[in-house]
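Peer 1: Here's my sequence, what's the structure:
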Amino acid sequence: MSKVRSLSLTSRIMIGMVLGVVVGFIFQAILAGEDDFLIPLGLFSLPIKAFFVDGIFHVGGQIFIASLKMLVVPLVFVSLVCGTCSLSDPKKLGRLGGKSILLYLFTTAIAITVAITLALIFNPGEGINLPSDANYSAKEAPTLAQVIIGMFPTNPIDAMASGNMLQVIVFALLFGIAMALSGKAGKRVASVFEDLNTVILKLVTLLMNIAPYGVFFLMAKLFTTIDLKLIKSLALYFSIVVLALFIHGLVNYSILLKVLTGLNPVTFLKKMKNACLFAFSTSSSSATMPITLETANKKLGAHNSVASFTVPLGATINMDGTAIMQGVATVFISQVFAVDLSISDYLMVILTATLASVGTAGVPGVGLIMLAMVLNQVGLPVEGIAIIIGVDRLLDMTRTAVNVTGDCMVTCVVAKSEGQLDEDVFNDPDAAKDLEDYHKSIN
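Peer 2: Down below sits the predicted model:
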């Protein structure tokens, strides 16, 4: 037990992940394609799938996801109110918003360009037989006007209850500005919010300690139920998407960080380990947001006035990982259906996917809606989505890790440009070590 306590949270999450994958593969081998496998125990038989996979693994994994999502709205609202009301110049919000959105759009354009280039080099769609039952019904994308109108809440409490992050962000910004302009009354309310922020961050720290168990449950269920034959048949498509994600996450972000800030990319990537592991296991930027914010504040040194704005915004509009999937999928589907796309078509794909990342922000199922928009824009059949949707769950895990890395990279760039980045914290390898020590002490 003492050895387990001495391990860092990152190490324990990694152990949970590996054990989950191993257990998942073992269970998949035992089930061997059957609906279930019964273990005779004398008076009764124990069904492996019903008891473990659909029972313990499912319940444990969903509790973990729910516990993280529980924190998202209160953390974003309180943290963003604290950050906004601490701004000496309310006009700074305009600069923060402009810089953040432009950077997110720029990285999305780079991401899909890399994806299309790799796909055109390796031709993942050649030799793929079109399934006879390929069928996919795309949801209609909202208009830009609808998205802009939908950003402003008619009922802030309802926005919080439904988890509409764009509306929560807008209300928090307005509330924070009002507090900053309210003199002594605003300062009294601000002190309450600062205390609330401290308590919520402590709750984040407490809940992070169930992460190794939650990750184990999620991985065990996923690798018990995943269709390995389908991944094998789409191996080239799968590999190109993963390669593009790694290039973007490790190379492109590192170059941008170095060029725009002069900061050490290796230091940055090392400090992203925890957040990326959470993102990989949950497949949700929103669920990972409490850990992303903690990483940006405590490990990377970004001031809360910047991080509390850029991280929630990035979790909503940063679509780099999704853009990579769309780029490869567009080339893949065009080759499967034997449709030749011109250079202007590919430029249209880049433009559509980049602008759609903001135009569909906050829309449920946004990834597939954006892909349907892109395919329609260049005249490709939307039914092609049905071919790749089976392997999307595993790719989504890696996409989310890339998106979270992008959120923190943009946060560092914006914070540095505003003079709100503590480089001593960024360069300190032991930054936030007190959090790790706390994790160990209560395990």
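Peer 1: Could you list the low-pLDDT ranges of this structure?
Peer 2: Along the chain, segments meeting pLDDT under 70 span 1-6, 87-90, 128-144, 357-366, 432-443.
Peer 1: give the contact list for L260.
Peer 2: Residues near L260 by Cβ atoms under 8 Å, 6 or more residues apart in numbering: 413, 416-417. Any C-beta I mention is one placed from the backbone N, CA and C, and that applies to glycine too.
Peer 1: same question, F280
Peer 2: So F280 contacts 17, 397-398, 400-401 (Cβ under 8 Å, 6+ apart).
Peer 1: do the same with G214
Peer 2: Listed by Cβ under 8 Å, 6+ apart, the contact set of G214 reads 16, 60-61, 63-65, 67, 281.
Peer 1: tell me which element it falls in.
Peer 2: Element membership of G214 [criterion: DSSP states H and E] is helix 211-225.
Peer 1: Can you name the next helix or strand after that helix?
Peer 2: helix 228-233.
Peer 1: Please identify the buried residues of that next one?
Peer 2: In terms of neighbour count (16 or more other Cβ atoms under 10 Å), helix 228-233 has its buried residues at 231, 233.
Peer 1: between the contacts of L260, which is closest to A119?
Peer 2: Distance to A119, by Cβ to Cβ, is smallest for V413 among the contacts of L260, at 28.2 Å.
Peer 1: From Q326, how far out is D340?
Peer 2: According to Cβ to Cβ, to the nearest Å, D340 and Q326 sit 19 Å apart.
Peer 1: try A279
Peer 2: A279 is 19 Å from Q326, where distance means Cβ to Cβ.
Peer 1: likewise G42?
Peer 2: G42 is 54 Å from Q326, by Cβ to Cβ.
Peer 1: higher neighbour count, those two?
Peer 2: Q326 (30 against 5; other Cβ atoms under 10 Å).
Peer 1: Could you count how many residues lie near the closest residue to G379 other than its chain neighbours?
Peer 2: Leaving aside its sequence neighbours, G379 sits nearest to V339 (Cβ to Cβ, 6 or more residues apart in numbering; 7.2 Å). Per other Cβ under 10 Å, the neighbour tally for V339 reads 15.
Peer 1: where does V339 land in three-state SS?
Peer 2: What DSSP: H, G, I helix; E, B strand; the rest coil gives for V339 is coil.
Peer 1: Would you mind measuring from it to V331?
Peer 2: Note on V339: its distance to V331, by Cβ to Cβ, is 10 Å.
Peer 1: One more: F64?
Peer 2: Between F64 and V331 the distance, using Cβ to Cβ, works out to 36 Å.
Peer 1: Of the two, which one has the most company?
Peer 2: Neighbour count, other Cβ under 10 Å: between F64 and V331, V331 has more, with 27 against 24.
Peer 1: Quick check: end-to-end length of stretch 44-60?
Peer 2: Length of stretch 44-60, first residue to last, Cα to Cα, to the nearest Å: 24 Å.
Peer 1: List phi and psi for the nearest residue to V336 once chain neighbours are set aside.
Peer 2: Among residues not flanking V336 along the chain, G125 sits closest, at 4.4 Å (Cβ to Cβ, 6+ apart). Dihedral pair for G125: phi -90, psi -10, per degrees, to the nearest 10.
Peer 1: Could you do M319 as well?
Peer 2: Per degrees, to the nearest 10, the backbone of M319 is at phi -120, psi 30.
Peer 1: cool, and I226?
Peer 2: With angles defined as degrees, to the nearest 10, I226 sits at phi -70, psi 140.
Peer 1: got the contact list for it?
Peer 2: I226 is in contact with 24, 28, 393-394, counting by Cβ under 8 Å, 6+ apart.
Peer 1: And those residues, which two are furthest apart?
Peer 2: Q28 and R393 (14.7 Å).
Peer 1: Among these two, which residue is more densely surrounded?
Peer 2: Applying other Cβ under 10 Å to Q28 and R393 shows that Q28 carries more neighbours, namely 17 against 13.
Peer 1: Remind me which helix or strand that one belongs to.
Peer 2: Counting by DSSP H and E, Q28 is part of helix 9-31.
Peer 1: Now the element after that helix, going C-ward?
Peer 2: Remark: after helix 9-31, the chain's next helix or strand is strand 38-40, criterion DSSP H and E.
Peer 1: quick revisit: out of the contacts of L260, which sit inside strands?
Peer 2: Counting by DSSP state E, no part of these is found in strands.
Peer 1: Same list, those residues, but as a markdown table with distance to T113 and neighbour count please.
Peer 2: Shown next, in a markdown table, are those (distance: Cβ to Cβ, whole Å; neighbours: other Cβ atoms under 10 Å):
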| residue | distance to T113 | neighbour count |
| --- | --- | --- |
| V413 | 19 | 23 |
| K416 | 25 | 20 |
| S417 | 24 | 16 |
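Peer 1: related to what we said a few turns ago, can you pull the contacts of the residue nearest to V336?
Peer 2: With contact taken as Cβ under 8 Å, 6+ apart, G125 is in contact with 237, 331-336.
Peer 1: how about 7 Å then?
Peer 2: Neighbouring residues of G125 by Cβ atoms under 7 Å, 6 or more residues apart in numbering: 331-336.
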